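Peer 1: kindly return the folded structure for what I paste below:
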Amino acid sequence: MATAAASAENPPPAGGGYRILALYRFVPLASPDAADNDRSRCEGDNATNDAPKWDEAALLARPEQHPTLRALQSELLTTLRKYYAKGTLLLAPEGINGTICYPFSSAINADPVATYLKSHPLFGGPELRTRVSVWNEEENGQQAFSRLKVKIKAEIVTLGLGRPLVDRTPQHNEEQRHELNQRANPLAAKGQYLTPTQWDEICRDPDVVVIDTRNAYEVDIGTFEGALDPKTDCFSEFPEYLEGLAREYDWGNETDCKVGASNGPSKPWNGLHRSNGGSAKKKLAPKGIAMFCTGGIRCEKATSYALQSGLFPSNLPIYHLEGGILAYLDDVSRRKEEGGPEQGSSTFHGECMIFDKRVAVTEGLRPSAKYVSCHGCRGPMDRRLLLPASDTECTDSQVTDKERQRHQDLTKGIPNLPPLQYDGKTKKHYLPGLTCPRCHATTTRESLERFAQRERQVEICARDGRPLFRDVGDDGNPS
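Peer 2: Okay, the predicted model is just below:
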């Protein structure tokens, strides 16, 4: 254990850069048979009827207890630490997903990390989708991730079918949840892949509905022209949005759309819909639906659900952008470098948010020069708002009495806070280094106190020249 911690704390000498590898694959990583066989081998004659039994529903409910996933978690942590990798990988019965960053030298052609992952017997092979980009620590001042984590989850991307909560209590049993979850199983059905060039044609077709499956804070900084914004806060809200969208169109006699059937195998949906109230005139049905996301994985599930939920006609084409926005931005950059006839034909406007220290990327997957991560909500924030500036300090006319009282209640007793600022672009307030215009209005006193404590820890670690996080063994937890 000490060796693993030491290698994580002492990366190779400088002289190269860092490679960022994003990957995912939907593939069964765990089965009831494997778990039961493992239990029998371990318990032998001591096995009892009280020992947990595994089936597909139990896999979804208690994946962290499955021996195959636990063994894979341990293997990945041990192996990736040998290569000084950092980042997060998610394991679930349905597959693997994540992004890691590790050192490499351009003088060496071999990439042992990519080779290990792409050839892994459980999830490797041509179906493992990967995307590689470069991170230069000297230019950016820090690695793309702070530590290595390998987590076991119920899903590698959480659509959460069958999991509406009432007082934090799931409203479906294991069997119902499994049945519902299968309605978004990409191994059973998923949308038709489109290349970046094909995507441009679809994007410009007025008869095709283009949907951004990402969250609102991601859409805010960049999206494809003409794309619908579901305005979701998390991906698990997307099925509800899609049901509301299906209501808006006149499908004629082409479908027996089951609007309201996504949340239960035999009873109607009991959630809240974004509904047109039944009074608005129905829209003319589109000739296709196209979806996109950051790297492609959310669309695998979103299009699978669109195809299997019964919300749309069975003959309605459902597309999605292969490799997501990242593949598109990579392709646009290549086309411009080659000077081909499609140069400058990009239908994506803005930047693409990603979940590492690059915050966002532009064409060619170059790190953003405009956005930084909000220290509070972790969402993208314009760099100009990071530090206090005299021209953004609030004046009396920019703060109402109600806002002033809230600010006093919010900050009372918390030392060394920056002055309240006002962003003229969004017409919202924020505290530089702690909150942003997006999250400030919903920040609680407890959260602000936590943000301030975290910032003080960052400053102390920077002053002392030591990392904020470090790996301390095979469990992947920070010290």
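Peer 1: and the nearest residue to residue 308 once chain neighbours are set aside, how many neighbours?
Peer 2: Leaving aside its sequence neighbours, residue 308 sits nearest to residue 183 (Cβ to Cβ, 6 or more residues apart in numbering; 4.7 Å). Every C-beta, even on glycine, is put in place using the N, C-alpha and C of the backbone. By the criterion of other Cβ atoms under 10 Å, residue 183 has 24 neighbours.
Peer 1: and the strands in the stretch 301-450 of the chain, which stretches?
Peer 2: For the stretch 301-450 of the chain, the strands defined by DSSP state E, counting those that start in this stretch cover 318-321, 348-350, 352-353, 360-361, 371-373, 380-382, 421-423, 428-430.
Peer 1: SS state for residue 97?
Peer 2: For residue 97, the assignment made with DSSP: H, G, I helix; E, B strand; the rest coil gives strand.
Peer 1: from residue 441, how far off is it?
Peer 2: From residue 97 across to residue 441, the span is 32 Å (Cβ to Cβ, to the nearest Å).
Peer 1: any idea of the mean pLDDT for whatever helix or strand residue 300 lives in?
Peer 2: Element membership for residue 300, per DSSP states H and E: helix 297-308. Average pLDDT, helix 297-308: 96.
Peer 1: contacting residues around it?
Peer 2: Residues outside helix 297-308 that contact it (Cβ atoms under 8 Å, 6 or more residues apart in numbering) are 24, 26, 97, 129, 156-157, 159, 161, 182-186, 188-191, 211, 213-214, 235, 238-239, 242, 262, 289, 291-293, 312, 318-321, 324.
Peer 1: now do 7 Å
Peer 2: 24, 26, 97, 157, 159, 183-186, 188-191, 213, 235, 238-239, 242, 289, 291-293, 312, 318, 320-321, 324 (Cβ atoms under 7 Å, 6 or more residues apart in numbering).
Peer 1: now, the residues you listed that are in strands?
Peer 2: For the contacts of helix 297-308, the ones inside strands are 24, 26, 97, 289, 291, 292, 318, 320, 321, with DSSP state E as the criterion.
Peer 1: got a list of what residue 111 touches?
Peer 2: Contacts for residue 111 (Cβ under 7 Å, 6+ apart) come out as residue 104.
Peer 1: need phi/psi at it.
Peer 2: Main-chain torsions, residue 111, degrees, to the nearest 10: phi -130, psi 90.
Peer 1: for the one 4 residues further on, same thing?
Peer 2: Dihedral pair for residue 115: phi -60, psi -40, per degrees, to the nearest 10.
Peer 1: sketch out the low-pLDDT regions of the stretch 1-150 of the chain for me.
Peer 2: Low-confidence segments of the stretch 1-150 of the chain (pLDDT under 70): 1-16, 32-54, 107, 137-142.
Peer 1: re earlier: buried sites along the helix holding residue 300?
Peer 2: Under the neighbour-count criterion of 16 or more other Cβ atoms under 10 Å, helix 297-308 has 297, 298, 299, 300, 301, 302, 303, 304, 305, 306, 307, 308 buried.
Peer 1: name the next helix or strand following the helix or strand hosting residue 72 along the chain.
Peer 2: Secondary structure from DSSP H and E places residue 72 in helix 67-82. For helix 67-82, the following helix or strand on the C-terminal side (DSSP H and E) is strand 86-92.
Peer 1: against which helices or strands is that following strand packed?
Peer 2: The contact analysis (3 or more Cβ pairs under 7 Å, 6 or more residues apart in numbering; DSSP states H and E) places strand 86-92 against helix 67-82, strand 95-104, strand 148-152.
Peer 1: list the buried residues of stretch 355-372.
Peer 2: 355-363, 365, 367-368, 371-372.
Peer 1: follow-up on the earlier one: okay, residue 97 and residue 441: which has more neighbours?
Peer 2: Comparing residue 97 with residue 441 by neighbour count (other Cβ under 10 Å), the higher total belongs to residue 97, at 24 against 12.
Peer 1: for that one, give me its contacts.
Peer 2: Shown in contact with residue 97 (Cβ under 7 Å, 6+ apart): 24, 90, 156, 157, 297.
Peer 1: distance to residue 331 for the residues you listed - can I get that in TSV?
Peer 2: As requested, these are arranged in TSV below (distance: Cβ to Cβ, whole Å):
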residue	distance to residue 331
24	19
90	26
156	25
157	23
297	18
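Peer 1: which among the residues you listed gets closest to residue 76?
Peer 2: residue 90 (10.8 Å; Cβ to Cβ).
Peer 1: quick one: the closest one and residue 151 touch, right?
Peer 2: Yes: if you go by Cβ atoms under 7 Å, residue 90 and residue 151 touch, sitting 5.4 Å apart.
Peer 1: which of these two has more residues huddled nearby?
Peer 2: Neighbour comparison, residue 90 and residue 151: the larger count goes to residue 90, with 18 against 14 (by other Cβ under 10 Å).
Peer 1: how much space between the more buried one and residue 298?
Peer 2: 13 Å.
Peer 1: next one: residue 414
Peer 2: Distance, residue 414 to residue 298, using Cβ to Cβ: 37 Å.
Peer 1: quick one, longest helix in this protein?
Peer 2: Counting by DSSP state H, the longest helix found in the chain is helix 445-464.
Peer 1: quick one: distance of it to the chain centre.
Peer 2: A distance of 25 Å separates the centroid of the chain from that of helix 445-464, by Cα atoms, centre = their mean, to the nearest Å.
Peer 1: okay, buried residues for it please.
Peer 2: 447, 448, 451, 452, 455.
Peer 1: returning to what we had before: got the angle for the helix holding residue 300 vs strand 95-104?
Peer 2: Angle, helix 297-308 to strand 95-104, by axes from the mean of the first three to the mean of the last three Cα atoms, to 10 degrees: 160 degrees.
Peer 1: any weak-confidence spans in the stretch 251-400 of the chain?
Peer 2: Judged by pLDDT under 70, the stretch 251-400 of the chain has its weakly predicted residues at 253-280, 340-344, 387-397.
Peer 1: ok, back up a step: any idea which of the ones in strands among the contacts of helix 297-308 is closest to residue 409?
Peer 2: For the ones in strands among the contacts of helix 297-308, the residue nearest residue 409 by Cβ to Cβ is residue 97; the value is 40.8 Å.
Peer 1: who does that closest one bridge with?
Peer 2: Per DSSP bridges, the residues bridged to residue 97 are residue 24, residue 90.
Peer 1: compute the distance between it and residue 155, please.
Peer 2: In this structure, residue 97 and residue 155 are 9 Å apart, going by Cβ to Cβ.
Peer 1: could you do residue 72 as well?
Peer 2: Residue 72 is 16 Å from residue 155, where distance means Cβ to Cβ.
Peer 1: the buried residues of helix 297-308 into TSV, with extra columns for distance to residue 281?
Peer 2: TSV is the format used below for those (distance: Cβ to Cβ, whole Å):
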residue	distance to residue 281
297	36
298	31
299	30
300	34
301	31
302	27
303	28
304	31
305	27
306	23
307	27
308	29
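Peer 1: widest-spaced pair of these?
Peer 2: Distance extremes for those: the farthest pair is 297 and 308 at 17.2 Å, using Cβ to Cβ.
Peer 1: okay, now the closest residue to residue 155 other than its chain neighbours: neighbour count?
Peer 2: In space, and not counting its chain neighbours, residue 155 is closest to residue 92: 5.3 Å by Cβ to Cβ, 6+ apart. The local packing of residue 92 (other Cβ under 10 Å) involves 24 other residues.
Peer 1: residue 373 versus residue 92, what's the distance?
Peer 2: To residue 373, residue 92 is 26 Å away according to Cβ to Cβ.
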